[in-house]
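[1] Sequence and predicted structure are below.
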Amino acid sequence: MTGDPVVSDRDPIPAPADPIPTPSSPPPDIVRCASLELVVTDLAAARRFYVDVLGLVVTDEDETTVWLRTFDEFIHHNLVLRTGPVPAAAAFSYRVRTPEDLDRAVAFYTELGCRVERRSDGFTKGVGDTVRVEDPLGFPLEFFHDVEHVERLAWRYDLQPNGCLVRLDHFNQVTPDVPRAVAHMEDLGFRVTEDIQDDAGTTYAAWMRRKPTVHDTAMTGGDGPRLHHIAFATHEKHQITAICDRLGALRRSDAIERGPGRHGVSNAFYLYLRDPDGHRVEIYTQDYWTGDPDNPVVTWDVHDNQRRDWWGNPVVPSWYTEASRVLDLDGRPQPVVARTDTSEMAVTIGADGFSYTRKGDEERGFKLGHTL
Ligand SMILES: [Fe+2]
């Protein structure tokens, strides 16, 4: 990690010690992250949070399931809430470019020895031929191409709340071995846009994209596989403060876990919420274009106090430690494997409080360690 100011050119993420084999079959051409299926224990409470408080649009619903979408969306759903016994993520869903990409997904994961299921009528309403897999990292992924188009409500300003959620922006996944996860996701066609490392060769997190934004998903180091969060975008950052104001007015400030603030990584404005089951939801806006083939990768020093919050505000410990379980294709929670690499929380807000704002300044640069 060289360079001052804090953002440096890329230091490549070290090769994994225990790599997942690269299939000879080409990966499916993934367009974007498209939806997440969440299991919730109290569907009525979850519906109140996502619909009445956050303002997502109900495309369809029945006794056990609610299909929700954002205001700029034209596909059937970006979030599926399904009632079940254990709060968990049941499917991270990606849209692929062509129907043939589903054949590629089957071949890619079959070669890796993964469990693969395909349903010509889809696993959820509004989506056609669908492939679901348990990926080598333990996450349940879904791939689809055909969708039912629904009304795009982008122009329906008469319906939009202040703080209108307009797109699904990204997932964030917790995984114990970040270099191993990154190498596998690169095999799947993802590219790193930003990462957090240290001088000792440890990688703490990486942001990876298909669409030309900072990410479709991030790989965050920790006990996993778990879902760290799902993120929805607003158009403007003041709309995020409007959501905070609304939560305050509803006496639901307890739903605010972290922020609002400005990220260092991604440069986006952010807010983290917890839903009634504890699933973490980020509201996110105004990151940057990454679609050029030579888009520079940004590597942050884990001790840079502005990487997670550009203003140097502390990251609450729950943000580092808590996350949602993920399910296998039978609906059982996947076992969680402990991270053995150094933890970001331990090195940044551990007993020594070692977290500097200006590299080399260990006298005045501290903030985090003094705050907590
Ligand atoms: Fe995020």
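    Received it, and whenever you're ready, just let me know what you need. Note that this is a predicted model, so its numbers are computed, not measured.

[2] From the ion, how far off is the residue nearest to Gly222 when sequence neighbours are not counted?
    Excluding its sequence neighbours, the residue lying closest to Gly222 (Cβ to Cβ, 6 or more residues apart in numbering) is Val174, at 4.2 Å. (C-beta placed from N, C-alpha, C; glycine too.) Counting by Cβ to the ion, to the nearest Å, the gap from Val174 to the ion is 12 Å.

[3] and for whatever helix or strand Ala205 lives in, what are the contacting residues?
    According to DSSP states H and E, Ala205 maps onto strand 203-209. By Cβ atoms under 8 Å, 6 or more residues apart in numbering, the surrounding residues in contact with strand 203-209 are 13-14, 178-179, 181-182, 185-186, 190-198, 214-221, 265-266, 290, 302, 341-342, 344.

[4] How about the residues of the protein by the ion?
    With Cβ under 5 Å from the ion as the criterion, the chain comes near the ion at residues 172, 231, 282.

[5] helix or strand for the residue nearest to the second one when sequence neighbours are not counted, which one?
    This means Ala231. Leaving out its chain neighbours, the residue that sits closest to Ala231 by Cβ to Cβ, 6+ apart is Glu282, at 3.8 Å. Using DSSP H and E, Glu282 sits within strand 280-285.

[6] Could you list every helix and strand in contact with that strand?
    strand 167-175, strand 226-233, helix 238-249, strand 269-274 (3 or more Cβ pairs under 8 Å, 6 or more residues apart in numbering; DSSP states H and E).

[7] Using a markdown table, please lay out those together with mean neighbour count and mean pLDDT.
    Output for the helices and strands packed on strand 280-285, formatted as a markdown table (neighbours: other Cβ atoms under 10 Å; pLDDT from 0 to 100):
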| stretch | mean neighbour count | mean pLDDT |
| --- | --- | --- |
| strand 167-175 | 25 | 98 |
| strand 226-233 | 25 | 98 |
| helix 238-249 | 16 | 98 |
| strand 269-274 | 22 | 98 |
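
[8] nearest to Gln334, of those?
    Across the helices and strands packed on strand 280-285, Gln334 has its closest neighbour in strand 226-233 (8.5 Å, Cβ to Cβ).

[9] now for the closest one, which elements pack on it?
    Checked by 3+ Cβ pairs under 8 Å, 6+ apart, strand 226-233 has strand 30-40, strand 88-96, strand 167-175, strand 280-285, strand 324-326 packed alongside it.

[10] out of those strands, deepest packed?
    strand 167-175 (a mean of 25; mean count of other Cβ atoms under 10 Å).

[11] Following the chain past that strand, name the next helix or strand.
    Immediately after strand 167-175, counting by DSSP H and E, sits helix 178-187.

[12] What's the mean pLDDT across that following helix?
    Helix 178-187 comes out with an average pLDDT of 97.
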